[in-house]
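**Q** generate a structure from the sequence data that follows.
(one chain, ligands or ions: 1)
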Amino acid sequence: MISRRRPPDDETLRRALYDGEVFLLPSTDASLALVGMANDSLRRELGDDPRHAHERFTDEELFGHIGKLRREIYTQPHAHALLAEMAANVGFSVRDTAFDPARLRVIAHRAFENPRAAPVYYPHRDTWYAHPTSVVTIWTALDDLEEDETFVFFPERFSRPVDNDSEVFDYDEWVSRGWSLKIGWQDRDASLKARYPSVLGESDYGPAEGFSCARGEILLFSGAHFHKTLPQALGRTRFSLDARLVHLRDHARGLGAPNVDGRSRGSALPDYVQLHDEAP
Ligand SMILES: [Fe+2]
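**A** Here you go, the predicted model:
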């Protein structure tokens with residue numbers, strides 16, 4: 001299901017994504033620059049060898065350092081510019097694309113044992129978080145990763161409903177007290193208090209499809225794909241970046257994935273960034 005072969009033109013690529021295909025494409029100068037920037041920030045904040053930072057810091061200390069970096073990467077114009085260039089390399093031109101900026105994800109060794117991290121492992125569709133069905137998720141890793149430290153798709157569920165409570169998610173309420181909760185940079189206990197969309201009952205979603213990848217390679221998939229982060233106890237922390245893209249012309253034409261079971265409220269799209277907004 002995960003293809004390394006890029007369709008001949010950008011429009012065909014985007015239509016394939018809306019149809020549920022997943023692409024793992026080669027790194028570009030922009031993706032490597034974004035990953036390099038994030039890695040430099042991690043080393044500045046956590047010292048050398050960030051992948052073993054969990055051996056040197058407590059959970060609370062790590063949350064403080066990582067929160068600062070998450071905020072930087074999500075808000076800095078330089079990170080936006082690199083993300084926009086990376087997206088333009090894979091079918092989402094700067095002129096036509098709005099994006100929800102990159103989030104730094106940190107899957108620490110044995111983090112699945114921490115109740116605060118529980119929502120990270122919920123199987124979900126990104127569209128359950130009030131993204132439009134035209135949304136495409138762009139994902140890249142800060143290091144070369146093995147298959148058992150990334151995440152998996154359940155391809156059969158792209159077009160088949162999963163029983164869920166996504167109606168609990170109200171975008172406007174989520175961002176009403178500032179964006180700290182949205183990005184996760186301030187309140188370490190937020191995940192214990194907030195309600196995130198989750199699956200009800202079911203646990204057999206059909207065959208899982210995973211992947212390994214090299215640093216900076218670009219994974220693209222519809223935000224309507226049902227997927228799940230893998231818990232890991234490999235003795236190292238996994239760092240990745242992901243952002244959401246909407247091709248505004250496609251969106252206006254009604255293109256996108258089917259909505260088979262999403263009932264979240266509100267829309268994240270008005271808060272997406274368009275790069276020309278930031279031109280001096
Ligand atoms: Fe996701």
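**Q** any weak-confidence spans in the stretch 51-200 of the chain?
**A** Low-confidence segments of the stretch 51-200 of the chain (pLDDT under 70): 180, 183-193.
**Q** what does residue 57 show for phi and psi?
**A** phi -120, psi 150 (degrees, to the nearest 10).
**Q** quick one, what contacts it?
**A** Contacts for residue 57 were tallied using Cβ atoms under 8 Å, 6 or more residues apart in numbering; they are 46, 65. Bear in mind the C-beta positions are built from the backbone N, C-alpha and C, glycine included.
**Q** please redo it, this time with the cut-off set to 7 Å
**A** Contacts for residue 57 (Cβ atoms under 7 Å, 6 or more residues apart in numbering) come out as none.
**Q** repeat for residue 241
**A** Counting by Cβ under 7 Å, 6+ apart, residue 241 touches 34, 38, 102, 103, 104, 140.
**Q** so it, which of the three states?
**A** Judged by DSSP: H, G, I helix; E, B strand; the rest coil, the three-state class of residue 241 is strand.
**Q** skipping its backbone neighbours, what lies nearest it in space?
**A** residue 102 (4.5 Å; Cβ to Cβ, 6 or more residues apart in numbering).
**Q** make sure that neighbour is indeed in a strand.
**A** Yes. Under three-state DSSP, residue 102 falls within a strand.
**Q** wait, residue 232 sits on residue 147?
**A** No. With contact defined as Cβ atoms under 7 Å, residue 232 does not count as touching residue 147 (10.8 Å).
**Q** more neighbours: those two, which one.
**A** residue 232 (20 against 12; other Cβ atoms under 10 Å).
**Q** how close does that one get to residue 150?
**A** Using Cβ to Cβ, to the nearest Å, residue 232 is found at 9 Å from residue 150.
**Q** what residues are shared contacts of those two?
**A** Residues touching both residue 232 and residue 150 by Cβ under 7 Å, 6+ apart: none at all.
**Q** mind listing what's buried along stretch 12-22?
**A** If you call a residue buried by 16 or more other Cβ atoms under 10 Å, then stretch 12-22 has these buried ones: 13, 14, 16, 17, 18, 20, 21, 22.
**Q** wait, which of these is closest to residue 55?
**A** When the buried residues of stretch 12-22 are ranked by distance to residue 55 (Cβ to Cβ), residue 22 comes first, at 33.7 Å.
**Q** just read off the phi/psi values of residue 29.
**A** Note on residue 29: its backbone torsions stand at phi -60, psi -40 [degrees, to the nearest 10].
**Q** my bad, should have said residue 45
**A** phi -90, psi -40.
**Q** for the residue positioned nearest the centre of the chain, give me its contacts.
**A** Nearest to the mean C-alpha position of the chain, by Cα atoms, centre = their mean, lies residue 242 at 3.4 Å. By Cβ under 7 Å, 6+ apart, residue 242 lies in contact with 102, 103, 105, 137, 138, 139.
**Q** my guess is the second one contacts residue 72. True?
**A** No. Proximity of residue 103 to residue 72 does not meet the contact threshold set by Cβ under 7 Å, at 11.5 Å.
**Q** from residue 89, how far off is the nearest residue to residue 239 once chain neighbours are set aside?
**A** Nearest non-adjacent residue to residue 239, counting by Cβ to Cβ, 6+ apart: residue 142, 4.0 Å away. Residue 142 sits at a distance of 18 Å from residue 89 (criterion: Cβ to Cβ).
**Q** please say which of those two ends up with more neighbours.
**A** Ranked by neighbour count (other Cβ under 10 Å), residue 142 and residue 89 place residue 142 first, with 23 against 16.
**Q** before we move on, the earlier item: any idea what the residue nearest to the centre of the chain is bridged to?
**A** Here residue 242 sits in beta bridges with residue 103, residue 139, as judged by DSSP bridges.
**Q** what about it, distance to residue 156?
**A** Residue 242 is 23 Å from residue 156, by Cβ to Cβ.
**Q** before we move on, what about residue 235?
**A** As for residue 235, its distance to residue 156 is 33 Å (criterion: Cβ to Cβ).
**Q** what does residue 101 give?
**A** As judged by Cβ to Cβ, residue 101 and residue 156 stand 31 Å apart.
**Q** neighbour count: these two, which is higher?
**A** Between residue 101 and residue 156, counted using other Cβ under 10 Å, residue 101 has the larger neighbour count: 18 against 13.
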